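K.L.:
here is a sequence with its predicted model. Questions after.
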Amino acid sequence: MKTDKTLSIMKVISWITLIGLCIKTGALIFSFIVSIFFNAEKAKTLPMDIDLSLLYSFNAGHYAVIVLLMIFFLTMKTFIFYLVTKIFSKINLSHPFNLNVANLIIKISYALLGIGLIAMLATVYKNWLVKNGAFVLLKWEYGVYLFMAGIVFIVAQLFKRGIEIQSENELTV
Amino acid sequence: MAIIVNLDVMMAKRKMSLNELSEKVGLTLSNLSILKTGKAKAIRFSTLESICETLDCQPGDILEFKADN
């Protein structure tokens, strides 16, 4: 009963987070398009209180790459939360271990790995920009994402073993 | 599979239907069917005991080992 309650609360939270991330990603994409094609001043007031006007004045191309990287990270986070909501809709507590959920968990670990690797490259790129005189205050914690990818991948492997044990248990008479 | 379940042979010898055996042993029809068709991955001693008791036979009459070629 307690697990049921916790899961339903988490389901609601994951849906709220997913909607929030969709709005955030949409707002960033919109602001980016406006700042590139219509009004360069928009670079000062990007969503999440990010001011990239100095980078924009330094070089519009680098500004575009940095904002596209931010959009990529937000899109991947949104995708992860989409997978989380999918897990919550597919999980069944009487038969918790099933292949669909295991595949979704593996997908989450790959998405986290993707974020981690791209964040690593983005950090190298940002450091190169700073070295060349650009002003970028953004910071990407790639280590955390790589660590999380590893942990989630291990959980997925344990889940797969759980599927085997569950099927053996179901076929024990 | 190396272990063959001869439950249907014993049931035929004792002229017992799956429904009757299911009622006497206390197993569901689906579980008995899993056992009969050889899909079962394991059998509890308690289940084997009740089947042997009901069919008046030995575990060896129900289970048989045949090496895979």
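P.N.:
Structure's in. What do you need? Residues are numbered from 1 along each chain as shown, chains lettered A, B, ... in the order given.

K.L.:
what's the residue lying closest to B:Ser17 once chain neighbours are set aside in contact with, if anything?
P.N.:
The spatially closest residue to B:Ser17, leaving aside those adjacent along the chain, is B:Met11, at 7.5 Å (C-beta to C-beta, 6 or more residues apart in numbering or on different chains). C-beta: built from backbone N, CA, C; applies to glycine. Counting by C-beta atoms under 8 Å, 6 or more residues apart in numbering or on different chains, B:Met11 touches B:17-18, B:21, B:55.

K.L.:
what lies in contact with the least confident helix or strand in chain A by mean pLDDT?
P.N.:
Ranked by mean pLDDT, DSSP states H and E, the weakest helix or strand in chain A is helix A:53-58, scoring a mean of 82. The contact list for helix A:53-58 (C-beta under 8 Å, 6+ apart) reads A:35, A:40-41, A:43-44, A:62-63, A:66, A:129, A:133-136.

K.L.:
neighbour-wise, give me the winner out of the contacts of B:Met11.
P.N.:
Highest neighbour count within the contacts of B:Met11: B:Leu21, with 21 neighbours (other C-beta atoms under 10 Å in any protein chain shown).

K.L.:
what's the local residue count around A:Pro96?
P.N.:
A:Pro96: 13 surrounding residues under other C-beta under 10 Å.

K.L.:
kindly report the same for B:Ile3.
P.N.:
Per other C-beta under 10 Å, the neighbour tally for B:Ile3 reads 11.

K.L.:
thinking again about what came up before, for chain A, see how far away the residue nearest to B:Ser17 is.
P.N.:
Here B:Met11 is placed at a distance of 15 Å from chain A (C-beta to the nearest C-beta, to the nearest Å).

K.L.:
now swap in B:Thr28 and tell me
P.N.:
Distance, B:Thr28 to chain A, using C-beta to the nearest C-beta: 9 Å.

K.L.:
the most centrally placed residue in chain A: what secondary structure?
P.N.:
Of all residues in chain A, the one closest to the mean position by C-alpha atoms, centre = their mean is A:Lys77, 1.8 Å from it. A:Lys77 carries the three-state label helix when classified by DSSP: H, G, I helix; E, B strand; the rest coil.
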